[in-house]
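> I need the structure of the sequence given here:
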Amino acid sequence: MSEEVEVSAPRTRNRWGEGDRLRGEILDAASRLLSELGGEDGLTIRGVARAVGIAPASIYQHFTDRSALVEGLLEYEFARMRAAMAAAEASEDPADAVGRVRALVHAYCQFAMDNPGHYRLMTANGATQPGPDARPRRPLLEVVDLLSAGFARCDAAGHPLRVPADRAGVIAFVGAHGRVALFHNSPRRASADTVLPFVDELVSLVFA
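Coordinates of the predicted model:
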């Protein structure tokens, strides 16, 4: 798809001190374009500027180049994913530790299935290594940590695990990620309604 995207109605100029609002609008537009384009290859500063209704120079006030824009978009998409996972977990009975961890896995899979271009971008970027003895920093590792914490709560609530909670988080994440990848590679996406039952079964195998 061409980056020539129809510009929305002229936007209201931000007042002094509203730079954060413009930055949010830029990231929101980049996210929409990423969905339309199906990946980051066609994402350009000029295309995003058209979608927002601003000059490209206005984007450079917030992102020094396209790489910085993509980096900002990564943070934006992971924040959206974490928010979806938190909302799903919060919708469950606080006393239902197993239901809460299942909700976390469901929300992760649903976000990945609903946003294939975003998800490809999110999983294609490697971890940063702050030092030889430090744990790599990567948003996906934060997802694993969320799942591990969920499994730890299950164990504390009287639902014993076959493996330590941190391993359970890795197992659930890797299994869910692999199942979503199969879904994305399915020619007709015919397996969509089998993804969540699969991860439910996977989660159940973690418990003793």
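> list the contacts of the helix or strand bottoming out on mean pLDDT in the chain.
In the chain, no helix or strand scores lower on mean pLDDT, DSSP states H and E than helix 116-124, which sits at a mean of 83. With Cβ atoms under 8 Å, 6 or more residues apart in numbering as the test, helix 116-124 has contacts from 31, 34-35, 37-40, 70, 73-74, 77-78, 81, 111-112, 139-140, 177, 180, 184. Every residue, glycine included, has its C-beta placed from N, CA and C.
> residues of it that come out buried?
Using 16 or more other Cβ atoms under 10 Å as the test for burial, helix 116-124 gives 116-122.
> ok, stretch 43-51 next?
For stretch 43-51, by 16+ other Cβ under 10 Å, it's 43-45, 47-51.
> filter those down to just the ones in helices.
Members of the buried residues of stretch 43-51 lying in helices (criterion: DSSP state H): 45, 47-51.
> tell me where this protein is predicted with low confidence.
By pLDDT under 70, the low-scoring segments of the chain are 1-19, 38, 125-137, 187-191.
> how does it divide into domains?
Per automatic domain parsing, the structural domains of the chain span 1-63, 77-206.
> ok now the last one, how far from the chain's centre?
Offset of domain 77-206 from its chain centre (Cα atoms, centre = their mean, to the nearest Å): 10 Å.
> ends of it, what's the gap?
Using Cα to Cα, to the nearest Å, the span of domain 77-206 from its first residue to its last is 29 Å.
> could you do stretch 183-201 as well?
OK, stretch 183-201 end separation, Cα to Cα: 17 Å.
> tabulate the CA atom coordinates of stretch 150-161 in CSV.
Output of stretch 150-161 as CSV, limited to C-alpha atoms (Å, rounded to 0.1, in the frame of the first residue of the first chain):
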residue,chain,number,x,y,z
GLY,A,150,0.6,-14.5,37.8
PHE,A,151,1.8,-18.0,38.2
ALA,A,152,3.5,-17.2,41.5
ARG,A,153,0.1,-15.9,42.8
CYS,A,154,-1.5,-19.2,41.6
ASP,A,155,1.1,-21.2,43.6
ALA,A,156,0.6,-19.0,46.7
ALA,A,157,-3.1,-19.4,46.4
GLY,A,158,-2.9,-23.2,46.6
HIS,A,159,-2.5,-24.1,42.9
PRO,A,160,0.8,-25.9,42.8
LEU,A,161,3.0,-25.7,39.7
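> change the start of the numbering to 16 and stick with it
Taking 16 as the first residue, the last one we looked at is stretch 165-176.
> packing partners of the lengthiest helix in the chain?
Under DSSP H, the helix in the chain containing the largest number of residues is helix 81-105. Counting contacts by 3 or more Cβ pairs under 8 Å, 6 or more residues apart in numbering; DSSP states H and E, helix 81-105 packs against helix 34-52, helix 60-67, helix 112-129, helix 131-139, helix 154-171.
> okay, angle between the shortest one and helix 81-105 too, please.
It refers to helix 60-67. On the basis of axes from the mean of the first three to the mean of the last three Cα atoms, to 10 degrees, helix 60-67 is oriented at 50 degrees to helix 81-105.
> same check, this time on the last one
Using the same axes, to 10 degrees, the interaxial angle of helix 154-171 with respect to helix 81-105 works out to 20 degrees.
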